[in-house]
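> Predicted model, plus sequence, below.
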Amino acid sequence: MKKVITYGTFDLLHWGHINLLKRAKDLGDYLIVAISTDEFNKLKNKKSYHSYENRKFILESIKYVDEVIPEDSWEQKIHDVINKKVDIFVMGDDWEEEFDFLRAYCEVIYLPRTKGISTTKIKEDLFTLA
């Protein structure tokens with residue numbers, strides 16, 4: 001079984017996220033999604049609209065996702081790859097080269113972002129409508 005892992009906040013879930021999850025799942029047999037906890041988001045100076053538990057619930061309902069785990073720190077990626085026996089680490093290409101250190105443990109693939117959509121764009125559009 002080929003295992004794939006990806007990381008993200010996955011707040012304000014949109015079709016770009018679903019596209020990433022589908023393409024990640026297409027690379028293997030089992031997709032693990034690590035989502036930033038609310039506490040980790042605070043450390044990153046990020047705030048999510050949805051709580052960790054609600055984001056986890058949403059992701060668990062997506063047919064491409066086999067397992068959802070919490071992301072508590074930047075450093076946990078090596079630990080997750082080793083302990084979950086991950087074959088492929090996937091991130092959007094806006095993170096190009098950031099996680100190349102994981103190549104010592106698994107294949108690293110940066111997928112192109114879906115054009116025309118992002119959480120930032122949604123937030124900007126909602127702010128303009130207000």
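Cool, the structure landed. Numbers count the residues shown, from 1 in each chain.
> And residue 89, how far from residue 35?
15 Å (CB to CB, to the nearest Å). From N, CA and C alone the C-beta is placed, and that goes for glycine too.
> What are the boundaries of the strands in the protein?
Assigned by DSSP state E, the strands in the chain fall at 3-8, 30-36, 67-71, 88-92, 107-111.
> For the second one, give me every contacting residue.
Pointing back at strand 30-36 there. With contact meaning CB atoms under 8 Å, 6 or more residues apart in numbering, strand 30-36 is reached by 1-10, 21, 24-25, 44, 46, 48, 52, 55-56, 59, 64-71, 76, 80, 84, 86.
> Which of those residues are buried, as a ChimeraX select command?
Per 16 or more other CB atoms under 10 Å, the buried members of the contacts of strand 30-36 correspond to this ChimeraX selection:
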select :3,4,5,6,7,8,9,10,21,24,25,48,52,55,56,59,64,65,66,68,69,71,76,80,84,86
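> Format the strands of the chain as JSON lines; extra columns: distance to residue 17.
Putting the strands of the chain into JSON lines (distance: least, CB to CB, whole Å) gives the following:
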{"stretch": "strand 3-8", "distance to residue 17": "7"}
{"stretch": "strand 30-36", "distance to residue 17": "10"}
{"stretch": "strand 67-71", "distance to residue 17": "13"}
{"stretch": "strand 88-92", "distance to residue 17": "10"}
{"stretch": "strand 107-111", "distance to residue 17": "12"}
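> Make CSV out of these and add mean pLDDT.
Shown next, in CSV, are those (pLDDT from 0 to 100):
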stretch, mean pLDDT
strand 3-8, 97
strand 30-36, 98
strand 67-71, 98
strand 88-92, 97
strand 107-111, 98
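> closest one to residue 126 among these?
strand 3-8 (19.7 Å; CB to CB).
> name the helices or strands packed onto the closest one?
helix 15-26, strand 30-36, helix 76-83, strand 88-92 (3 or more CB pairs under 8 Å, 6 or more residues apart in numbering; DSSP states H and E).
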